[in-house]
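1. Predicted model follows, preceded by the sequence.
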Amino acid sequence: MESVKLPIHKHPLLPITRFSSRRGGCNGCGSKGYIYGGYRCNELGCETPTFHRDCAESLPEIKHSSHPHHPLKLSLNNKVSACNQCGIHLVKERWIYICLICDDFKLDLYCAKGAVHLHEHPLQLFDVWSSSKRVRRRECKTCNSPLFYGKLCYVCYQCKEVFHEECVEFFPEANHSSHPQHPLKLLTFEEAPSYIDEKCLLCEEKFDQSLSKEVSLHTLHHCDVCNFSICTTCMKNPPPVRVVSLTTHEHQLHLVPRRIDFTCNACGTLGGYSPYFCVQCNFMIHRQCIDLPRVININRHDHRISYTTRLGHGKSCICKVCRKNVDGFYGAYTCVKCPSFAVHSRCATREDVWDMIELEGMPEEEEIAPFEVIDDNTIKHFSHDHTLQINKDGHGQIQPENVVCEACVLQILSEPFYSCKQCNFILHEKCANHPRKKRHVYNNLPFTLLISDGDVYQCWLCLQEFTGFRYKSSLNSRILDVRCAAISDTLEHKSHQHSLYYYSTTYTHCNGCGKKRSAYRCDECEYSLDNQCAFLPNKVMRIRYDDHPLVLSFGDTNVASEYWCEACETKVNPKEWFYTCNDCGTTLHVSCVVGDFSYIMLGSRSSLYKNTKVVSNNSCCRPFCFVCNSKCMLPSILKLSKAGVDVYVCSFKCRREFYQRKVIKV
């Protein structure tokens, strides 16, 4: 179905039959809970994507009983104000109805839908805590229970009385579409019988959880004949009894409002509450799985993936998100270009995985190669004006210490690399193959590869400052260096026998440095690496200490002897990570080999820190750090100039302290 342009949103909106439960709720009226069908924005990065159908289709002009003299026009709220009916503050950049003649009369979309008249006098919506209006009492006239912070109630301005929203609409009992045989009684949790289920039969939210997290009105709706209990949110916003969703099933689906154990045909996971059921073919589905998108992009894969109702008999794969088995008899997402790639339906449509854009009917974006092949040994890379030639003859030979790759700013050691015959431009072969567009587990928005502009940036993953190539998201400006971007969710690291997987929200102690950060973690044992340790170079050259390459060692718990660092001349714990020469036995601390400025090209200046420059520290006379007063050990340090005086700092910490002092003491 094609998107339509409606006045309530800046982007075209896509009509859907999906049951949406986004945390932001409806961007029209602001109400929370499920949106059954309606509209959603299909624009990449839009933060206000979901609307009730009637909110999205709000009329450009209405007449309303609260303001009978003039028509009200649909307008975008552009200043802090309050709704004239309920008194609740209106959110800026949200659509409201306004009187253009009076200019000071405004209605939010919730109030514009109409008022309740179950009292001898007219009732109006009201927030007793946030409204500038005041009432005489803070207890519900019907049930005598107190009002709760942040919840709407109804007020009668003639009686000066207030009512819970539920007590006006559903007290003492009311009918509901999902349980037509008996009316449901409005009960407080204290009044509810002890045998009721702890969860709402329809949405599976715990009643006590609803109370503690959302400060609800302490009520539920119950049929004591059938032991049928639902929450107030589902009472006010009932799910449809019948629904047609051709994406996930070809027949009409019917709501089964009861406790029943089933396996969802769309996602293959178990369910226990109120599925939708097809009478014709015994098909059952969670309501969350209705109308799954057909074609999407996820941050675990660079190709688009498509929904299939079943993989097929005998075709079981491992889900690339949760790493559990994908059963071939149920629905899943697969990649046409990668036959072994499969993702559970639920995993693929998670908000931290899917970019929330539906691609069905949209042409696939053409992949742009990072270079043009001239011949077997020559390429024309997009980052450079001259052709580059492959150098594989240097395999096994060590390049000078100051020869670094323009993309990753790591040394050119024994790896194949491309070089320019007209200038000093050099790229690792693997860096020359970095794609122009990339998706990464860190962010569900796409990244674009940008070449160096000479400035210094900070990687969002490892927090290292760097120069060289970078991946940038154009929508939220997040930046990754190419080292972190090269590995998405799975890391094979020489320090551990199992695969490591990226966890963005799990903070564990890194086995490399001991710091507690988000990390790559092993699913089979308690082993994890933070991003800084995970991407330490395996080999480095430090001519000052050894003529051979130094190899990263991951410690040996069986060694009882002590090593000494050639740089700082202090002990090296053999159980911790260190760099060593396999030929000479030279050892150095990791912190004496790789420092805060190691990923910044020599001579680079940061636009954030004026009069600074990264310089080499390979001379025979090493300077002292101006802040910590220790001799700078690392090969790259920062030179700061102020008032004609040059001083040096050895780390980010010392640089921060230097700028906090504000004045150089000579």
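-> Received it, and whenever you're ready, just let me know what you need. Residues are numbered from 1 along each chain as shown.

2. going forward, measure contacts and count neighbours with C-alpha atoms only.
-> Will do.

3. Could you chop the chain up by domain?
-> In terms of domains, the chain is parsed into 13-56, 115-169, 174-236, 242-289, 295-348, 371-432, 539-592, 612-661 (source: automatic domain parsing).

4. With distance to residue 599 as extra columns, can I get the ones you listed in CSV?
-> Output for those, formatted as CSV (distance: least, C-alpha to C-alpha, whole Å):
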stretch, distance to residue 599
domain 13-56, 31
domain 115-169, 50
domain 174-236, 45
domain 242-289, 44
domain 295-348, 26
domain 371-432, 6
domain 539-592, 13
domain 612-661, 9
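
5. Show the low-confidence segments of the stretch 401-550 of the chain, by residue range.
-> By pLDDT under 70, the low-scoring segments of the stretch 401-550 of the chain are 518.

6. wait, residue 80 sits on residue 90?
-> Yes. Look at residue 80 against residue 90 with C-alpha atoms under 8 Å: they come within range, at 6.6 Å.

7. For the two, indicate the residue with more neighbours.
-> Taking neighbours as other C-alpha atoms under 10 Å, residue 80 and residue 90 compare with residue 90 leading, 21 against 10.

8. give me the number of residues near the closest residue to the more buried one other than its chain neighbours?
-> Leaving aside its chain neighbours, residue 90 sits nearest to residue 82 (5.1 Å; criterion: C-alpha to C-alpha, 6 or more residues apart in numbering). Residue 82: 20 surrounding residues under other C-alpha under 10 Å.

9. Also residue 176?
-> By the criterion of other C-alpha under 10 Å, residue 176 has 17 neighbours.

10. Look up how far residue 354 lies from residue 326.
-> According to C-alpha to C-alpha, to the nearest Å, residue 326 and residue 354 sit 18 Å apart.

11. Looking at the two, which has the bigger crowd around it?
-> When residue 326 and residue 354 are compared on other C-alpha under 10 Å, the one with more neighbours turns out to be residue 326, at 26 against 19.

12. Tell me how far the more buried one lies from residue 312.
-> The value you get for residue 326 to residue 312, if C-alpha to C-alpha is used, is 11 Å.

13. Next: residue 558.
-> Here the criterion is C-alpha to C-alpha. By it, residue 558 lies 50 Å from residue 312.

14. Between these two, which has more neighbouring residues?
-> More crowded of residue 558 and residue 312, by other C-alpha under 10 Å: residue 312, with 13 against 8.

15. Can you get me a residue count around residue 5?
-> Using other C-alpha under 10 Å, residue 5 has 12 neighbouring residues.

16. okay but it is in contact with residue 15, surely?
-> No. Residue 5 lies out of contact with residue 15 (C-alpha under 8 Å); the separation is 10.7 Å.

17. Tell me what the closest residue to residue 255 other than its chain neighbours is bridged to.
-> The shortest distance from residue 255 to any non-neighbouring residue, by C-alpha to C-alpha, 6+ apart, is to residue 276 (4.4 Å). Applying DSSP bridges to residue 276 yields these beta-bridge partners: residue 255, residue 285.

18. Quick check: residue 276 vs residue 577, distance?
-> Counting by C-alpha to C-alpha, the gap from residue 276 to residue 577 is 55 Å.

19. just residue 447 next, same as before
-> 32 Å.

20. Tell me if I'm right that residue 592 and residue 569 touch.
-> No. With contact defined as C-alpha under 8 Å, residue 592 does not count as touching residue 569 (10.4 Å).

21. which residues in the stretch 151-300 of the chain form helices?
-> For the stretch 151-300 of the chain, applying DSSP state H, counting those that start in this stretch gives helices covering 165-169, 207-214, 232-236.

22. what's the first one packed up against?
-> With contacts defined as 3 or more C-alpha pairs under 8 Å, 6 or more residues apart in numbering; DSSP states H and E, the secondary structure elements packing on helix 165-169 are strand 153-156.

23. what stretches of the stretch 101-250 of the chain score poorly on pLDDT?
-> Applying pLDDT under 70 to the stretch 101-250 of the chain picks out residues 114-119, 127-138, 148-151, 208-218.

24. Tell me the spacing between the residue lying closest to residue 596 once chain neighbours are set aside and residue 598.
-> Excluding the flanking residues, the one nearest residue 596 by C-alpha to C-alpha, 6+ apart is residue 651, at 5.6 Å. Using C-alpha to C-alpha, one gets 10 Å for the distance from residue 651 to residue 598.

25. And for residue 18?
-> 50 Å.

26. Pull the distance from stretch 272-285 to the chain's centre.
-> 32 Å (C-alpha atoms, centre = their mean, to the nearest Å).

27. so for that stretch, what's the average pLDDT?
-> Rounded to a whole number, the mean pLDDT of stretch 272-285 is 93.

28. Give me the buried stretch members for that stretch, please.
-> Neighbour-count burial for stretch 272-285, with 16 or more other C-alpha atoms under 10 Å as criterion, is recorded at 273-278, 283-285.

29. do stretch 425-433 as well
-> Neighbour-count burial for stretch 425-433 flags 425-429, 431-432 (criterion: 16+ other C-alpha under 10 Å).

30. now do stretch 414-426
-> Within stretch 414-426, the residues that count as buried by 16+ other C-alpha under 10 Å are 414-420, 425-426.

31. before we move on, what about stretch 256-266?
-> Neighbour-count burial for stretch 256-266 flags 256-258, 262-266 (criterion: 16+ other C-alpha under 10 Å).

32. Sort out which of those are in strands and list them.
-> Among the buried residues of stretch 256-266, the members found in strands (DSSP state E) are 262-263.

33. Let me have the buried residues of stretch 256-266 in JSON lines, extended by distance to residue 319 and pLDDT.
-> Shown next, in JSON lines, are the buried residues of stretch 256-266 (distance: C-alpha to C-alpha, whole Å; pLDDT from 0 to 100):
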{"residue": "256", "distance to residue 319": "29", "pLDDT": "95"}
{"residue": "257", "distance to residue 319": "31", "pLDDT": "94"}
{"residue": "258", "distance to residue 319": "30", "pLDDT": "92"}
{"residue": "262", "distance to residue 319": "21", "pLDDT": "94"}
{"residue": "263", "distance to residue 319": "18", "pLDDT": "93"}
{"residue": "264", "distance to residue 319": "17", "pLDDT": "93"}
{"residue": "265", "distance to residue 319": "16", "pLDDT": "93"}
{"residue": "266", "distance to residue 319": "15", "pLDDT": "92"}
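
34. Let me see the ranges of the helices in the stretch 1-150 of the chain.
-> With DSSP H, counting those that start in this stretch as the criterion, the stretch 1-150 of the chain has helices at 53-56, 109-112.

35. Tell me where the longest helix sits in this structure.
-> helix 652-661 (DSSP state H).

36. chain center to that one, what's the gap?
-> Its chain's C-alpha centre and that of helix 652-661 lie 32 Å apart, by C-alpha atoms, centre = their mean.

37. Same check on stretch 342-360?
-> Relative to its chain's centre, stretch 342-360 lies at 12 Å (C-alpha atoms, centre = their mean).

38. Pull up the distance across that stretch, start to finish.
-> Span of stretch 342-360 from end to end, C-alpha to C-alpha: 18 Å.

39. hmm, who's touching it?
-> For stretch 342-360, contacts defined as C-alpha atoms under 8 Å, 6 or more residues apart in numbering pick out 42-45, 266-268, 289, 292-300, 307, 317-322, 326, 331-335, 441, 443-445.

40. Centre of this structure to the edge, which residue is at the far end?
-> The outermost residue of the chain, judged against the average C-alpha position, is residue 120 (50.1 Å), by C-alpha atoms, centre = their mean.

41. That residue and residue 159, how far apart?
-> For residue 120 relative to residue 159 (C-alpha to C-alpha), the value is 10 Å.

42. try residue 473
-> Distance from residue 473 to residue 159, by C-alpha to C-alpha: 57 Å.

43. Just want to know which of these two has more residues nearby.
-> Counted by other C-alpha under 10 Å, residue 473 and residue 159 do not tie: residue 473 has more neighbours, with 19 against 11.

44. what sits against the more buried one?
-> Per C-alpha under 8 Å, 6+ apart, neighbours of residue 473: 445-448, 479.
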